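Colleague: Build me a structure from this.
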Amino acid sequence: MFYKTLYENGDCFFGGCGPWSLPTKRPDGSWKPGTWRRVKGPLVMCHNGLHFCINEGQLIKYLGPALFEGQCRGRRQYSDNKIVVREARLVRRIETWNEQTARLVACDYVARVLPYFEHFYPEDRRPRYAIEMARAYANGKVSNIDLVYAASLAADAAENAKGNIAFAVANSASTAASDNARDNLREIAEATERISARMMTPGDGSRTDAQQGFISAERTWHARRLRKYLLGETE
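Modeller: Below is the predicted model of the structure:
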């Protein structure tokens, strides 16, 4: 699938210029694609052409307000995770990318590193509570007041753990329970990846091949979780 992140109105969110023609949803639930867009000149990755992400691992770095599926034709170039093309159009909005999805994915990411916090502070349940409340809020089971309270508790836990890797875990839990989940998911993904990498890296900062493989596996797991929610897949 070719992914494109834009503002709600079709303006470019990560570089580029000019608005995209947006797809429109028909009464039967199908989508009418936007009009084709074309660029001139040589295709140059990250400089000239129409760019799309081609997997969820890359997409995590480029999440934003609205997400679309694109269709491409004509000349194209690939990098490891991106594609740049001569012509493209947007064929549908990926409606599963929303505040609920972003918050649930964020909770999964933080829950994966939560044992690092609880190893240092086994009696402190505040980050775990923040994750539980964030999930409950995403599913419409608690109020925004509950969410704000849980986020503040996790923030206090982070302050108490300052200078420890547990700080990063508690801070990520607080962020998962904060407003604007779509804006926060990229930050949480990067933070939890750093947490995992730090726990697997010697004190001198060097990384063995096995540790690098572990970090790569973490990124793959992140991508699978995002894909699960976007496409409704089961693992």
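Colleague: Low-confidence stretches in this protein?
Modeller: 200-211, 233-235 (pLDDT under 70).
Colleague: Stretch 78-91: how far from the chain's middle?
Modeller: 20 Å (CA atoms, centre = their mean, to the nearest Å).
Colleague: Sorry, wrong one. I was asking about stretch 64-75.
Modeller: For stretch 64-75, the distance to the chain centre is 17 Å (CA atoms, centre = their mean).
Colleague: Stretch 75-94 too?
Modeller: The answer for stretch 75-94 is 19 Å, by CA atoms, centre = their mean.
Colleague: Ends of it, what's the gap?
Modeller: Using CA to CA, to the nearest Å, the end-to-end distance of stretch 75-94 comes to 25 Å.
Colleague: residues making contact with that stretch?
Modeller: 2-4, 20-23, 25, 31, 33-39, 43-46, 48-55, 57-58, 66-74, 230 (CB atoms under 8 Å, 6 or more residues apart in numbering). In short, each C-beta sits where N, CA and C put it, glycine included.
Colleague: Of those, which count as buried by neighbour count?
Modeller: 2-4, 20, 22-23, 31, 33-34, 37, 39, 43, 49-55, 57-58, 66-72, 230 (16 or more other CB atoms under 10 Å).
Colleague: could you pull out the helices for the chain?
Modeller: 56-59, 99-120, 126-138, 144-160, 165-176, 181-199, 209-231 (DSSP state H).
Colleague: closest to Phe13 out of those helices?
Modeller: helix 181-199 (11.2 Å; CB to CB).
Colleague: Could you pull out the buried residues of that closest one?
Modeller: Neighbour counts over helix 181-199 (16+ other CB under 10 Å) mark 181-182, 184-186, 188-189, 191-197 as buried.
Colleague: hmm, which two among those are most spread apart?
Modeller: The span of the buried residues of helix 181-199, defined through CB to CB, is set by Arg182 and Ala197 at 24.5 Å.
Colleague: Just give the nearest non-adjacent residue to the residue of the chain positioned farthest from its centre, would you?
Modeller: Distance from the centre of the chain peaks at Gly41, with 32.1 Å (CA atoms, centre = their mean). Distances taken as CB to CB, 6 or more residues apart in numbering place Asn48 nearest to Gly41, at 5.3 Å, with adjacent residues excluded.
Colleague: Give me the distance between that neighbour and Leu22.
Modeller: 23 Å (CB to CB, to the nearest Å).
Colleague: and the residue nearest to Gly41, what is it in contact with?
Modeller: Asn48 neighbours (CB under 8 Å, 6+ apart): 39, 41-42, 84.
Colleague: tell me, how many neighbours does the closest residue to Pro19 other than its chain neighbours end up with?
Modeller: Spatially, and ignoring its direct neighbours in sequence, Pro19 is nearest to Gly10 (4.3 Å; CB to CB, 6+ apart). Neighbour count for Gly10, taken as other CB atoms under 10 Å: 18.
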